[in-house]
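J.: kindly generate the corresponding structure for this input.
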Amino acid sequence: MLTGMTLFHALVVLHVATGAVGLTAFWGPIATRKGAANHRKWGRAACYGFLGAGALAIAMALLSLYGPEHRHPEVTNRALYEGLFGWMMLYLGTLTIGFVDYGLAVVKHSRNRRALRAPRYQAVIAAVIASGAWCGYYGWLVGHPLMMLVAFIGIVSMLIQQRYIWRAAEPLRTTYVGEHFRALIGMGISAYTAFLSVGLIRLVPEHVFNPAIWAGPSVIGVSLILYFTVKGKKPAAKPLASGASPHPQ
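T.: Got it, this is the predicted structure:
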């Protein structure tokens, strides 16, 4: 029979395996042509990897909070440990699953946005908001701004998704593409942050509570969202009429 610590180590190994698939495949859809076969192939691999990593992150978080043994006894601030490796890990795992679910759903229901109002999708969004609200509140209790920041970002992201789902006016037919892109970039942000929390304490334990390291995925991910959003808003060059001069006279 597995002991609590053996079970935790087994979950870590599985988390690393599934997370490695997601973290590696994540860059494939960004680098390949959108909508092409390679884009879809890499995207599916990233989504399945992150779904597994997110579910395992939730399991590890619950074991850290309610398991029979204290994990990482070298960490003396147990309240902060439970915040980052318990409640924040649980939230980030839920957030990763929420982003994957929404990112795939907006493509599946690109012609029927109202399908996203079904309880099946709304329950996932509600779970993300609830876990994020508790993560932020706990961060306030222990005085750790990072927990409040990531909770705020995730909750705002869910509200933006709800705005798309429930808006009365019909959006442009291509609006779902932007929703899909932002959701899967968000998936990468939450997954990279959660993944760091497992390996970071083993590699550089003295920096495990360093906000600059934990904020790295968010900075990179938000920068990517801004870059591609600005790039997507640039008007495409109009083709020249036959015989027209490319330079004004």
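J.: list the helices and strands the helix or strand where residue 133 lies packs on?
T.: Assigning secondary structure by DSSP states H and E places residue 133 in helix 119-142. Packed against helix 119-142 by the contact rule (3 or more C-beta pairs under 8 Å, 6 or more residues apart in numbering; DSSP states H and E) you find helix 78-82, helix 88-108, helix 145-166. Bear in mind the C-beta positions are built from the backbone N, C-alpha and C, glycine included.
J.: that one - what's its average pLDDT?
T.: Averaging pLDDT along helix 119-142 gives 94.
J.: what angle do it and helix 88-108 make?
T.: The directions of helix 119-142 and helix 88-108 differ by 150 degrees, with axes from the mean of the first three to the mean of the last three C-alpha atoms, to 10 degrees as the criterion.
J.: show residues contacting helix 119-142.
T.: Here helix 119-142 makes contact (C-beta atoms under 8 Å, 6 or more residues apart in numbering) with 79-80, 83, 87-88, 90-91, 94-95, 97-98, 101-102, 105, 115, 145-148, 150-152, 154-155, 158, 161-162, 165.
J.: contacting residues around the nearest residue to residue 58 once chain neighbours are set aside?
T.: Leaving aside its sequence neighbours, residue 58 sits nearest to residue 93 (C-beta to C-beta, 6 or more residues apart in numbering; 4.0 Å). With contact set as C-beta under 8 Å, 6+ apart, residue 93 has these partners: 53-58, 61, 194.
J.: re earlier: buried sites along the helix holding residue 133?
T.: 121, 124-125, 127-129, 131-132, 134-136, 138-139 (16 or more other C-beta atoms under 10 Å).
J.: which member of those residues is positioned nearest residue 11?
T.: residue 131 (18.5 Å; C-beta to C-beta).
J.: what's the burial count for residue 166?
T.: Residues lying near residue 166 (other C-beta atoms under 10 Å) number 12.
J.: I'd say it and residue 113 touch.
T.: No: because the distance of 9.2 Å does not satisfy C-beta atoms under 8 Å, residue 166 is recorded as not touching residue 113.
J.: which ChimeraX command selects the buried ones in the contacts of helix 119-142?
T.: Buried residues among those (16+ other C-beta under 10 Å), as a ChimeraX selection:
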select :80,83,87,88,90,91,94,95,97,98,101,102,105,146,147,148,150,151,154,155,158,161,165
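J.: in terms of helices and strands, where is the most centrally placed residue in the chain?
T.: Centroid-nearest residue in the chain: residue 187, 2.5 Å away (criterion: C-alpha atoms, centre = their mean). Taking DSSP H and E as the definition, residue 187 sits inside helix 175-203.
J.: what is the mean pLDDT for that helix?
T.: So the average pLDDT for helix 175-203 ends up being 72.
J.: thinking again about what came up before, now distance to residue 13 too, for the helices and strands packed on helix 119-142, in a markdown table please.
T.: Shown next, in a markdown table, are the helices and strands packed on helix 119-142 (distance: least, C-beta to C-beta, whole Å):
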| stretch | distance to residue 13 |
| --- | --- |
| helix 78-82 | 21 |
| helix 88-108 | 16 |
| helix 145-166 | 25 |
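J.: so residue 64 sits against residue 82, correct?
T.: Yes: taking C-beta under 8 Å as the definition, residue 64 is a contact partner of residue 82 at 7.1 Å.
J.: what angle separates the helix holding residue 133 from helix 145-166?
T.: Between the axes of helix 119-142 and helix 145-166, defined by the same axes, to 10 degrees, the angle is 160 degrees.
J.: pull the CA atoms of helix 119-142 into PDB?
T.: Presented in PDB, the C-alpha positions along helix 119-142 are these (Å, rounded to 0.1, in the frame of the first residue of the first chain):
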ATOM      1  CA  PRO A 119     -24.000  24.000 -17.300                       C
ATOM      2  CA  ARG A 120     -21.200  21.700 -18.300                       C
ATOM      3  CA  TYR A 121     -19.000  24.700 -19.400                       C
ATOM      4  CA  GLN A 122     -20.400  27.200 -16.800                       C
ATOM      5  CA  ALA A 123     -19.500  24.700 -14.000                       C
ATOM      6  CA  VAL A 124     -15.800  24.700 -15.000                       C
ATOM      7  CA  ILE A 125     -15.700  28.500 -15.100                       C
ATOM      8  CA  ALA A 126     -17.400  28.700 -11.700                       C
ATOM      9  CA  ALA A 127     -14.800  26.300 -10.300                       C
ATOM     10  CA  VAL A 128     -12.000  28.500 -11.500                       C
ATOM     11  CA  ILE A 129     -13.600  31.600 -10.100                       C
ATOM     12  CA  ALA A 130     -14.300  30.000  -6.700                       C
ATOM     13  CA  SER A 131     -10.800  28.500  -6.300                       C
ATOM     14  CA  GLY A 132      -9.200  31.800  -7.500                       C
ATOM     15  CA  ALA A 133     -11.300  33.800  -5.000                       C
ATOM     16  CA  TRP A 134     -10.100  31.600  -2.100                       C
ATOM     17  CA  CYS A 135      -6.500  31.700  -3.400                       C
ATOM     18  CA  GLY A 136      -6.600  35.500  -3.400                       C
ATOM     19  CA  TYR A 137      -8.200  35.700   0.100                       C
ATOM     20  CA  TYR A 138      -5.700  33.200   1.500                       C
ATOM     21  CA  GLY A 139      -2.900  35.300  -0.100                       C
ATOM     22  CA  TRP A 140      -4.300  38.400   1.700                       C
ATOM     23  CA  LEU A 141      -4.400  36.500   5.000                       C
ATOM     24  CA  VAL A 142      -0.700  35.400   4.800                       C
END
